[in-house]
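Novice: Sequence and predicted structure below; questions after.
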Amino acid sequence: MRLALIAHDKKKDDLMAFATDHEETLSQASLMATGTTGKRLMEVTDLDIERKESGPLGGDMQIGGEIAEDTCDGVIFLRDPLTAQPHEPDISALLRLCDVHDIPLATNLASAELLVEQFFE
Ligand SMILES: O=C(CO)COP(=O)(O)O
């Protein structure tokens, strides 16, 4: 099971709390994250995380590449729906690829809980 974890700045605290709550479960997965999200996750948990570039520098695209290569089984992406992002085209491309390849995608905490429950518990 290979899972991508991503959060926009205003959602990072939520993702850190989620990862801490589910640390034991998430440790069963192979995890990757965009740059800053991954750095924060490794600061607050003992999870082993493959860090991609930061989102605005191509990290979303790198995770999209994994989806296209069939090496990503699920994405938790806590997006900030109230703040414009400079790399919006990359974000849309990642979400689109999840749909193209039928990859489970959770974009808020409620769906992230369901995804993790279904995947691991
Ligand atoms: O911008 C992001 C996703 O679109 C997240 O990137 P960071 O994890 O580097 O902040």
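Specialist: Yep, it's here.
Novice: residue contacts, the residue of the chain found nearest the ligand?
Specialist: Relative to the ligand, the nearest point of the chain is Gly55 (2.1 Å; C-beta to the nearest ligand atom). (Glycine included, C-beta is placed from N, CA and C.) Going by C-beta atoms under 8 Å, 6 or more residues apart in numbering, Gly55 touches Ile6, His8, Thr34, Gly35, Thr36, Thr37, Gln85, His87, Asp90, Ile91.
Novice: Inside strands: which ones of those residues?
Specialist: Using DSSP state E to define strands, the subset of the contacts of Gly55 located there is Ile6.
Novice: Make CSV out of the contacts of Gly55 and add distance to the ligand, pLDDT and neighbour count.
Specialist: Shown next, in CSV, are those (distance: C-beta to the nearest ligand atom, whole Å; pLDDT from 0 to 100; neighbours: other C-beta atoms under 10 Å):
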residue, distance to the ligand, pLDDT, neighbour count
Ile6, 5, 98, 27
His8, 6, 98, 21
Thr34, 3, 98, 26
Gly35, 4, 98, 18
Thr36, 3, 98, 20
Thr37, 3, 98, 30
Gln85, 6, 95, 16
His87, 6, 97, 17
Asp90, 7, 98, 20
Ile91, 5, 98, 19
